[in-house]
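Engineer: Sharing a model that was predicted from the sequence below.
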Amino acid sequence: MFREELIQHTPRDVERLQKRIARLKSLALKYKRAEVTQNLLLEISNLAAHVNTPKAFFSEVHRSLNLLIPADNFFVALLNPSSQNLEIPFFLDEKDPHPDLLYSKENTSRTLLSGLTGYVLKTGEALLCDEAIFDKLIADKEIVSRGAPCHLWLGIPIRVNNTVSGALVVQSYSSDINFSEMEIELLHFVSYQISGLLERLQHQEQLELAIEQRTKELSIAYDKLKSEVFERRRAERLQKSLFEIADLATSNISSQQFYSELHRVISHLLPANNCYIALLDDRLTRISFPFYVTQDDTSQPQARMTCDGLTEYVIKNRRPILLQRNDLDSLIASGLVYAKTPELNYTREISQWIGIPLFIHGQVKGILAIYSLCMSQSYQEKDLELLTFVSQHIATAIERKLSAESLRSSYELLEEKVVIRTKALALLNHDLEKEVAQRRKVEQQLVYDANHDSLTQLPNRAMFMDRLTQAVKHIRRHGLERFGLLFIDLDRFKLINDTLGHLEGDRFLIETSKRLQTCIRDNDTLGRIGGDEFVILLDSINGTSDAKEVAERVLTELAKPYKLANQSFNSGASIGIAFSNNHKSDTAESLLRDADLAMYQAKSKGKGCYVIFDEKSHKKLVKDIELELELRGAIANHQLELSYVPIQNLDQQATVALEPRLYWNHPMLGKVKQAQLNNIAEHCNLITELDIYLLEKLNIEHQLLSAHSLEHLPLHLNISAAHLKHKHAVRQLKNKLKQSIFPTEQLWLFFDEKGFILDTDNHINAFDTLKSIDVKLGLTGYGSAHSALSSLTFLPLQGLKLDPSYANHLESEQHLKLLTAHYLTAQALELSVFVDGIRTAQQKKVMQQIGFSLGQGQALGEVIRLTQTTNNNDVACA
């Protein structure tokens, strides 16, 4: 029946049925293949999740792939993360051997990277390459041909953490084997599984490395902590031992107990079953053993003289020593120890020996020794270091212990001496009390002498200034109160001293002080602050009238005659008065200066009076300071001019010499002459500079003098005695004279007679120095200071210039006699005498009658001032 049904179908129907059967068979094959593929992929996925090594995974992948596609030529290439070299963990090929067999690792990486594998890594894309594509890549120089030629080459990139880290490659050498999209997708899946495996393995490797590193760190930290704990415990034991040693140093225990406790402390730090301490005596010649302990039957050594034992060896070397048995034998064999005293050698049973020197009072005064008798007990270098450190504290403790014992012994001896000394002191106590009383009396006298004038017993400058300072402070606190200050200068004290002698001068000062004390109250202070200068502090006055009253009493008392050298002598005083003004700027020094200034004003008014300081006087002082500054500027800027006083022969009326004088055309004061310039210069210590300026100015005007035919005349230079006080000042004057354009034989240097009286010795020495350059020397103002005539005999003088006051008193017979005496003296000493101050023809005539032939003054010619003109012949006279 079936056949009948079949026969009934047409050929067309049969063909359609056959196609349907073929399609069904194809579908059945695909379903079967898909099922197999799915199972294999699941197997690969499970394998990737459990396998621990890439090599085992790649073998299983290849086995599974070979069931689905032709994979007889299959390899995996991976980049090493650290070296970036391309490595091949799995390789199968029908024609080519494994690249590692042909190249080194570096060359294998370079070879594969330059071929198709490197191209896939570079592009990061899957590549199905046939011959045409291969030839094009070769032509484009994208790759280099590597390995045997193949029919098809399929490479899939492997990505790890989104980075191309390798390639999965299959290739076919037969044209019968082709690859389709299904093979590409399959390999992509395998690549993804490889990527997951690599990420997992990489993470696992990193985790293992981290665990290993952390384990090492923990192990190191544990070892370090263990070491620190050990060291801390060791340090605690050491610290405790040091504290115990320090306590022993101050404990009041016996010596035997002291050393036993030291041994106990040492035993806590290291084994010390055999130990001893040896000490030298003060002379370093004898050794004693205050402590000795040992495990054998050896008895404690007795004190002995120093010799060549181990103890002396350590003391001599002054350093810690750790000796092994062989070291001990070497020392003994070499004769360094026990050569002279072999009977002291107890080291035969010793295995190790440590000796530490003990420094007591800066010297090695003993040793600390420990030793072992068996090999099981051994000492190391660290034990030597520990014992060396501890020995420093032990030495300190022993030093304190010995010092305490010595001090205790000294105390006992001292107590005995104190008893004896107390008895002796008791005998000397009475004499000592007398000596203390005498010393106090001397000290009181010294204090009194330091504050009082030795001649008058009045307060001296220091004491008076202290009281004046206290008065200023008192006035500042009590503004309504007031005090006065009198500065007293005796008028004729210098004349008394020079004519009657210093002894009579002292009597004069003592009498003056007594008279002054009668003029003041008990609460006032009288003091002597200079040779003839007295000061009075009038405390708590009501007004200026009180000070004036005291000043008048003083002038009255001092005007009374003095009985000196069996003759009557009159004196007087000039008084300056200053008052406290409660100014903040007032000081003891400023008030004394004001009173001093007022005193000088009293002197300028004719002496024998008093002047009260006022602001005008202060302003004058300020002007004097301004004038000093202006004079300094005038000298620096060469603003002082020269005039010349002619010196004539009285008989012939001819000019025989010139006396140069400086003058200053001051913009406010007008013409300031030489005498006033000298006063200003002496007040501000410019007198020597003024003289040097005079010499320099003469050099400048040499041409003017030559133009007026005056350069040949001798020049009389009035030079200050200040040049003669110091060697360097004399040397400066001498050098300046040698630099003069004028010959030194033409120069006369006249020094004031008053300066000679005050400083005779310096004048004599300086005159000898100046005489060596051939200048002529003389005294000016002669007769004003009453110098002894005999003084002229030992001075290298050539001339005298009489004081101008003689010309004004020619009506006095006494003055005429004195002038005659001066003339005769000068004639006898062959000195040239010049009369100064001749103002009238009558004065000139009288001088001629006495015998004088040389002089100067208004009656003998006008002052010459040279001016530079076109014809150089003008002379201005004034």
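Structural biologist: Alright, I've got the coordinates.
Engineer: Look up phi and psi at the spatially most central residue of the chain.
Structural biologist: For the chain, G362 is the residue whose C-alpha lies nearest the centre (C-alpha atoms, centre = their mean; 33.9 Å). With angles defined as degrees, to the nearest 10, G362 sits at phi 80, psi 0.
Engineer: same thing with A471?
Structural biologist: Here is the backbone geometry of A471 (degrees, to the nearest 10): phi -70, psi -40.
Engineer: Quick one, grab the pLDDT at it.
Structural biologist: We note a pLDDT of 91 for A471 in this prediction.
Engineer: do the same with S617
Structural biologist: The model's pLDDT for S617 equals 64.
Engineer: Next: S406.
Structural biologist: pLDDT, read off for S406, is 75.
Engineer: what helix or strand does it sit in?
Structural biologist: helix 381-451 (DSSP states H and E).
Engineer: Kindly report the same for Q239.
Structural biologist: Going by DSSP H and E, Q239 is part of helix 181-250.
Engineer: Who are the packing partners of that helix?
Structural biologist: Using 3 or more C-beta pairs under 8 Å, 6 or more residues apart in numbering; DSSP states H and E as the contact test, the elements touching helix 181-250 are helix 11-50, helix 54-68, strand 152-160, strand 163-172, helix 255-269, helix 381-451. Heads up, the C-betas are built off the backbone N, CA and C, glycines and all.
Engineer: I'd like these as JSON lines, with distance to F289 and mean neighbour count appended.
Structural biologist: What follows is those, written out as JSON lines (distance: least, C-beta to C-beta, whole Å; neighbours: other C-beta atoms under 10 Å):
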{"stretch": "helix 11-50", "distance to F289": "81", "mean neighbour count": "12"}
{"stretch": "helix 54-68", "distance to F289": "79", "mean neighbour count": "17"}
{"stretch": "strand 152-160", "distance to F289": "82", "mean neighbour count": "22"}
{"stretch": "strand 163-172", "distance to F289": "82", "mean neighbour count": "22"}
{"stretch": "helix 255-269", "distance to F289": "10", "mean neighbour count": "17"}
{"stretch": "helix 381-451", "distance to F289": "13", "mean neighbour count": "13"}
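Engineer: Any chance of these in CSV with distance to R507 as columns?
Structural biologist: Output for the helices and strands packed on helix 181-250, formatted as CSV (distance: least, C-beta to C-beta, whole Å):
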stretch, distance to R507
helix 11-50, 138
helix 54-68, 135
strand 152-160, 129
strand 163-172, 126
helix 255-269, 82
helix 381-451, 21
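Engineer: A strand includes E349, no?
Structural biologist: No - E349 is assigned coil when assessed by DSSP: H, G, I helix; E, B strand; the rest coil, not a strand.
Engineer: Could you give the number of residues near the closest residue in space to it that isn't next to it in sequence?
Structural biologist: With C-beta to C-beta, 6 or more residues apart in numbering as the criterion, E349 has its nearest non-adjacent residue at 5.4 Å, and that residue is L373. Neighbour count of L373, defined by other C-beta atoms under 10 Å: 15.
Engineer: L373 touches Q352, doesn't it?
Structural biologist: No - if you go by C-beta atoms under 8 Å, L373 and Q352 don't touch, sitting 9.2 Å apart.
Engineer: Next, work out how far apart the residue nearest to the centre of the chain and T306 are.
Structural biologist: Here the criterion is C-beta to C-beta, to the nearest Å. By it, G362 lies 19 Å from T306.
Engineer: D449 too?
Structural biologist: Shown here: D449 relative to T306, a distance of 65 Å by C-beta to C-beta.
Engineer: And for N637?
Structural biologist: 90 Å.
Engineer: Please identify which of the two sits among more neighbours.
Structural biologist: T306 (15 against 8).
Engineer: For burial, what's the neighbour tally of L695?
Structural biologist: With other C-beta under 10 Å as criterion, L695 counts 19.
Engineer: An error on my part: the question was meant for Q300.
Structural biologist: Count around Q300 with other C-beta under 10 Å applied: 11.
Engineer: residues contacting it?
Structural biologist: 289, 292 (C-beta atoms under 8 Å, 6 or more residues apart in numbering).
Engineer: repeat for the one 10 residues further on
Structural biologist: L310 makes contacts with 331, 337-338, 347, 353, 355, 369, as judged by C-beta under 8 Å, 6+ apart.
Engineer: Which secondary structure elements does the one helix or strand L468 maps to sit against?
Structural biologist: Taking DSSP H and E as the criterion, L468 maps to helix 461-477. On a contact count with 3+ C-beta pairs under 8 Å, 6+ apart, helix 461-477 meets helix 381-451, strand 525-528, strand 533-538, helix 588-604.
Engineer: Now distance to T10 too, for those, in JSON lines please.
Structural biologist: Output for the helices and strands packed on helix 461-477, formatted as JSON lines (distance: least, C-beta to C-beta, whole Å):
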{"stretch": "helix 381-451", "distance to T10": "115"}
{"stretch": "strand 525-528", "distance to T10": "173"}
{"stretch": "strand 533-538", "distance to T10": "171"}
{"stretch": "helix 588-604", "distance to T10": "160"}
